[in-house]
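> kindly return the folded structure for what I paste below:
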Amino acid sequence: MHEAAKGLHHNPSTWMLLAVLLTTVAAVFSPFGDAPLGHVRVLRLKTALQAAAAAAAVPSQQGPPTLPVLPDGIPDIERRLLTQLDDLKATCPWRPEWRSCHGADRSSWTAANLTRVCCQTGGEPGTWHTFKLQTYLANGEAATAGGDVWNVRLTGPGLAAAARQRPLRTRVLDNGDGTYTVAFMPLFDGQYSVAAWLFYSRCTGYQDAPGNAPLEHVTIVSQQDWCFIGALAALPAITVADTAASKAASDVTSRAPALLPIDTPDPRILRVQQHVFALPGRATYRRPLSAAQAAVWRTSRDTSRFVLFGDSTTLLGVVRHILAVKNKVKRPALLPFPHCWNLSGGDPVHFTTATKTRMSFSFVEEPLAPVLTPGAPPRVHYVRGHGCDLDTHPALVAETLRNMTSSDTLFINIGMHCVQKYRLANFTLLIEQVAALLAAAPSKPHIVWRSTDAAEQNMPLPSHGTPFELGTYLPQYQFLNEARRLWFDLEATATMRRHGVRVIDMYGLPTHHGDVVHYSNDGFLQQNQLLSWAVC
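Below is the predicted model:
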């Protein structure tokens, strides 16, 4: 016994191991010291080495701490959004040639189920809040490179505890080191559940389609070639605490704050995520424009015509309003014209597009005509900018601009069809030509570029209930995905900013049930509210 003690005395590492084992035993049994008899569970003990090995292999899951708000939290996120395209190019250079994922080594891809969260920042509701995703490989090693495409949504409190909860879409910024900053702007304090979907890993989403015809990919790309993952990561809830009220987390109640103007690096960009909050019961909160934003945007009070140029994602904002009025809906959800215009007499909407047989009214194919009668009441026109054509689109835009005056407003988007079937190089060339035409319009109409949004590859739509099955192979959506939509939209926004064209960022609007392309009525309502809020 003495010799054994002597041996231990001369072997400090043995003493350390015994101390760890004793500490482990104490930690295991101490929670049950006051437990009633019969409720004490027998746990299998692990050695210190086993515990250390397990901790190294699988990271511990802990809720993100609630940290003080960063003094420059809002400008930091705004700057990150403006540089997001440059950050993506540094992390994942675009692949001009499509690569199949059949037979690809997926051991270096992110394992969604090992994803952990940390580092929450944020202050009062109505401001940017963030937390980080730390990703891991299948072998448990922490990822050290970016390239994932995540879609993260939060579900949280509304006006009252019994109100129907609505999803809150987030911005996911790739930090290039295996971590991803999730930015969101909650309107209420309280607890938000997190649904994080991993769409793509290791840059496989940022690539061109194999061909340039509308249906060609359906026959070329099979399910075994698919790079889409569609895995859900189980993450802890996020708590948004109103620090100004100095309330304990358990006493947090849902309440809407006073929304104050915010300064952004570029006042030419307005984001629906920041300015219009539509809630259950059709209650709406609006954030006032800052002085810099108002100087750039409040220019359309003398507008005589409001011209919408784009595909069905633009058209339906007008169509649904007309159908609601025609069907005598008491509270039409959509107003496709700014509320500050003095509309009088007759139907203010005129269409310049192809015939639609399934609608209860017809369209006439004709170009936008010049204003013939000075002082005529305001009119809303829709110009069919369907598709994505390098030859026809610039010509149609130029013709439309020639027939506009300085008192007209143009609301334009070209993008969704390009995302689905166009090569990035062709799209950037098209957008460069269109932006140059918009900037050089001789009559100087008021121009607003609308971002491309709502393409979410088989994404669950919690605002409407039942989610899609992410594992279902739908070839028609193979290239109408979030990775391509994000990159194409960032390219268009950067080009418009470079030419001095105002951009209205629609990211965050709810899509229609069973439709990953078009907004719901609530989505179009928020779009039109922001447009009206901006120009009036």
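> endpoints of stretch 103-111, how far apart?
18 Å (Cα to Cα, to the nearest Å).
> what are the buried residues along it?
106, 109-111 (16 or more other Cβ atoms under 10 Å). Yep, even glycine has a C-beta here, placed from its N, CA and C like the rest.
> then stretch 141-155?
143, 145-155.
> try stretch 293-308
293, 296-297, 299-300, 303-308.
> so which of these are in helices?
Under the assignment DSSP state H, those contribute 293, 296-297 to helices.
> re earlier: which one of the buried residues of stretch 103-111 is nearest to Gln529?
Within the buried residues of stretch 103-111, proximity to Gln529 (Cβ to Cβ) peaks at Thr110, which comes in at 37.4 Å.
> surely the closest one and Gly146 touch.
No - using Cβ atoms under 8 Å, Thr110 is not in contact with Gly146; the gap is 9.9 Å.
> ok, Leu437 to Asp263 distance?
Distance, Leu437 to Asp263, using Cβ to Cβ, to the nearest Å: 31 Å.
> likewise for Leu82?
14 Å.
> on that earlier part again, how about the ones in helices among the buried residues of stretch 293-308 in TSV, adding pLDDT and distance to Thr239?
As requested, those are arranged in TSV below (pLDDT from 0 to 100; distance: Cβ to Cβ, whole Å):
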residue	pLDDT	distance to Thr239
Gln293	92	31
Val296	92	36
Trp297	90	35
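> make CSV out of those residues and add distance to Tyr200.
Output for those, formatted as CSV (distance: Cβ to Cβ, whole Å):
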residue, distance to Tyr200
Gln293, 34
Val296, 36
Trp297, 35
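> thinking again about what came up before, among the buried residues of stretch 141-155, which two are most distant?
So, these by Cβ to Cβ: farthest apart are Ala145 and Thr155, at 30.4 Å.
> hang on, Gln191 packs against Ala237?
Yes - counting by Cβ under 8 Å, Gln191 touches Ala237, with 5.0 Å between them.
> among these two, which residue is more densely surrounded?
Higher neighbour count among Gln191 and Ala237: Gln191, with 17 against 14, using other Cβ atoms under 10 Å.
> only the buried residues of the helix or strand harbouring that one, if you could.
In the assignment (DSSP states H and E), Gln191 maps to strand 190-200. When neighbours are counted by 16+ other Cβ under 10 Å, the buried residues of strand 190-200 are found to be 190-192, 194-200.
> would you list these in CSV and tack on pLDDT?
Converted to CSV, the buried residues of strand 190-200 look like this (pLDDT from 0 to 100):
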residue, pLDDT
Gly190, 84
Gln191, 87
Tyr192, 89
Val194, 91
Ala195, 88
Ala196, 92
Trp197, 89
Leu198, 92
Phe199, 89
Tyr200, 92
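> which among these gets closest to Glu482?
Ranked by distance to Glu482 (Cβ to Cβ), the buried residues of strand 190-200 are led by Phe199 at 5.6 Å.
> that closest one and Leu401, how far apart?
37 Å.
> quick one: the residue nearest to Asp389 when sequence neighbours are not counted and Leu173, what's the gap?
Once flanking residues are discounted, Asp389 sits nearest to Leu430: 8.0 Å by Cβ to Cβ, 6 or more residues apart in numbering. Going from Leu430 to Leu173 by Cβ to Cβ gives 27 Å.
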